[in-house]
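>>> Provide a 3D model corresponding to the input given below.
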Amino acid sequence: YLAGKLPIDVYPAVSSVQWAFAKMGESWQDAAFVSVHGRPLTGLAQRIDGRRKVAILTDETNSPAAIARYLLEYGMTEYEAFVGEELGGPNERCRFFKLEEMAETEFLPLNIVILRQTAPGPIWPLGIDDDEFFQRKPDKGLITKKEIRVLSVSALRLRPDSVVWDIGTCTGSVAIEAAKIARDGAVFAIEKNEYDLEICWQNLRKFRVDITLVHGRAPDRLDEFADPDAIFIGGTSGAMSPLLDVCAKRLKKNGRIVINAATVETLAEAGCELRSRGFHVDITLAQVSRSKPILELTRFEALNPVYIMTAKREGDE
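As a prediction, the model looks like this:
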């Protein structure tokens, strides 16, 4: 930053990351780097998940013990940790830990954590099977179905650093798929049903996704969310117009709104409201049937048809 403002030369010293990897005897050109120094842990789970080596810059609040407890909450036990304390100083100390041990240990304030994968973790590619999710009982099936979910997430055109809103998240299936793509961004979700909210928390922990999840009826509480690059609306609770007022105002340039509508009434209302706010609307009617065995034969069973509406402002490139 200073070199961009003033005519100065910078003489760098060996970094704590270099020092730590040298002390643990590991190469570091294939490692991921994450900082939780002066920032919350929110989103750390999906940024780490699946990576073989991760260097984490810490602070006194986000200490090695706090990071270990966080990872254990998301079941990320395939990692072991190396902690380098006061590297290069007279009190330098370097140790390996299992996460359970690290969670109960006190550390010197200046430290760095290196995570190393010692076993393969679970892998969930885009299009997680519906049965993998915890769902409401006895009404199992109240979930954005896999085929519709994949098409909807694709329509959001997410980048690794996208900020996403999921309105009416229910089980969290769309938010989870979105967070795994936008792992360096942020996902914000809202759900009005308290029971569904608890189910969503269970799914977030299972699939190692850490998002901002709030209880409420949109557009209430959307002022707590960062401005979005993409918005998914799975339900409006009859508040289409005020909800789209907020979404249209807050959506970033070149952003997209994707709405799933199961009825022609919702389709007509949403299309009219979006166009009146200067959006171009594309609609896909998804009619999906899945194979089902019948004795030695195979038949197809239809899912409910869903309209997938993709809205983008006229004039946005």
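
>>> Need the CA coordinates for the helix or strand of the chain with the lowest mean pLDDT. PDB is fine.
Ranked by mean pLDDT, DSSP states H and E, the helix or strand of the chain with the weakest confidence is helix 2-5, at a mean of 86. Output in PDB follows, covering the C-alpha atoms of helix 2-5 (Å, rounded to 0.1, in the frame of the first residue of the first chain):
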ATOM      1  CA  LEU A   2       2.700   2.500   1.000                       C
ATOM      2  CA  ALA A   3       4.800   1.700  -2.100                       C
ATOM      3  CA  GLY A   4       1.800   2.700  -4.200                       C
ATOM      4  CA  LYS A   5       1.600   6.100  -2.500                       C
END
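
>>> Off-centre distance for it?
In terms of C-alpha atoms, centre = their mean, to the nearest Å, the centre of helix 2-5 is found 34 Å from the chain centre.

>>> Buried residues in it, which are they?
Along helix 2-5, no position meets the burial threshold by neighbour count (16 or more other C-beta atoms under 10 Å). C-betas here are computed from N, CA, C, even on glycine.

>>> What residues does residue 145 make contact with?
Neighbouring residues of residue 145 by C-beta atoms under 8 Å, 6 or more residues apart in numbering: 130, 288, 303, 306.

>>> on that earlier part again, list the contacts of the least confident helix or strand of the chain.
Residues contacting helix 2-5 (C-beta under 8 Å, 6+ apart): 8-10.

>>> how does it look with 6 Å?
Residues outside helix 2-5 that contact it (C-beta atoms under 6 Å, 6 or more residues apart in numbering) are 8, 10.

>>> Can you pull out the low-pLDDT segments for the stretch 1-150 of the chain?
Along the stretch 1-150 of the chain, the parts satisfying pLDDT under 70 run over 138-141.

>>> Hmm, residue 114 is touching residue 83, no?
No: proximity of residue 114 to residue 83 does not meet the contact threshold set by C-beta atoms under 6 Å, at 7.8 Å.

>>> quick one: the nearest residue to residue 181 once chain neighbours are set aside from residue 247, how far?
Distances taken as C-beta to C-beta, 6 or more residues apart in numbering put residue 158 closest to residue 181, at 4.6 Å, once the chain neighbours are dropped. According to C-beta to C-beta, to the nearest Å, residue 158 stands 16 Å off from residue 247.

>>> If you count surrounding residues, which of the two has more?
Shown here are residue 158 and residue 247; by other C-beta atoms under 10 Å, residue 247 has more neighbours (25 against 22).

>>> gap between the most centrally placed residue in the chain and residue 115?
Centroid check for the chain by C-alpha atoms, centre = their mean gives residue 179 as the closest residue, at 2.3 Å. Separation of residue 179 from residue 115 (C-beta to C-beta) stands at 19 Å.
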